[in-house]
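Undergrad: missing the sequence, but the structure's below:
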């Protein structure tokens, strides 16, 4: 093949003056037409946006890609201004550091939450590390379908452990896989709460979320405030280990002795009502025995209409446990470190903390 040669400039004598002037104006005309075409395209795009967006002066700004919604399709995105909020950035930074610390031995490094967690790979490893359980899923997934299948297995395990049997979690396979950072943050905060991660998240973090939906060819959008974290006490996290952390970590052989002592203590009092417990985790999860026990130990009658004697779902169980916590504070006990959800979800360490608090105060009550 012949080598390409650089085009030569025409010699002055080979081109007529008229021809040169004509070529010059042709070029200018071409540039003008291109500029005109660009202006027309911009005007058309502005017209499209004007048609798709109602004439609402408070209509929130939506990223351009969200104008391609299908009919009746809905999409949620974070207002770009929220990404610049210092506390929101701090929340993401703390969560990323926590994940990287947990998975350091596996040489996994997360840099951006939505980009690194959407396909289930990191969530898979994080869940196995936190729960100590193995999931029967592929280590590496390439196709979108296999990623969604993997996420389905992971989130089913997570939801079951976190107690979402009747309540609807704030994350789904679709929201996680579509890189919805709000949904992923809700999921991570729930994991931090449940597994008592030794970190402290910033309190009362809100982000502005834009919900866009197209109906009859018109794009409607609304803004609302989404809360990601609440008060620290409500999160129930710990920063320092207590005696039960040490017991579980360093002296598990003594756990049987502690459980036996607590079973003996509670049965001594529940026997007055012809009740008996055998499994601390299972028998106290609905909160009924806790409410009755508080009345027996405190020497007062607990009205039956204040709690559910035969709770039908988790919400009623949580109500019972929360009510028993109020009774504990009424008799002078400090607010339990555990959350009602922990007891309902049969977190043994939390249940033991609550019962040991009762044992310490009422051990001499006959």
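TA: All right, it came through fine. Treat the numbers as computed from the prediction; the structure is a model and nothing was measured.

Undergrad: Which secondary structure element of this structure has the lowest mean pLDDT?
TA: When each helix and strand of the chain is scored by mean pLDDT, DSSP states H and E, helix 232-235 comes last, with a mean of 44.

Undergrad: ok, which stretches of the stretch 51-200 of the chain are helices?
TA: With helices called from DSSP state H, counting those that start in this stretch, the stretch 51-200 of the chain shows them at 86-102, 113-117, 121-131, 144-162, 173-177, 181-194.

Undergrad: ok and the last one relative to helix 86-102, angle-wise?
TA: Computed with axes from the mean of the first three to the mean of the last three C-alpha atoms, to 10 degrees, the direction of helix 181-194 lies at 60 degrees from that of helix 86-102.

Undergrad: Pick the most buried one from the helices of the stretch 51-200 of the chain.
TA: helix 181-194 (a mean of 21; mean count of other C-beta atoms under 10 Å). In this view, the C-beta of every residue, glycine as well, is placed from N, C-alpha and C.

Undergrad: Tell me which helix or strand comes right after it.
TA: As assigned by DSSP states H and E, the chain's next helix or strand after helix 181-194 is strand 206-215.

Undergrad: tell me the contacts of the spatially most central residue of the chain?
TA: Centroid-nearest residue in the chain, with C-alpha atoms, centre = their mean: residue 186, separated by 1.7 Å. Residue 186 makes contact with 169, 170, 171, 228 under the criterion C-beta atoms under 8 Å, 6 or more residues apart in numbering.

Undergrad: got the domain boundaries for the protein?
TA: For the chain, the structural domains run 74-235, 243-362, going by automatic domain parsing.

Undergrad: ok but residue 220 is inside a strand, no?
TA: Yes - Residue 220: assigned to a strand according to DSSP: H, G, I helix; E, B strand; the rest coil.

Undergrad: Identify the bridge partners of the closest residue to it other than its chain neighbours.
TA: Spatially, and ignoring its direct neighbours in sequence, residue 220 is nearest to residue 213 (5.6 Å; C-beta to C-beta, 6 or more residues apart in numbering). Residue 213 has these beta-bridge partners by DSSP bridges: residue 74, residue 220.

Undergrad: Return the distance of residue 213 relative to residue 71.
TA: 10 Å (C-beta to C-beta, to the nearest Å).

Undergrad: which of these two has more neighbours?
TA: The residue with more neighbours, out of residue 213 and residue 71, is residue 213; 16 against 9, by other C-beta atoms under 10 Å.
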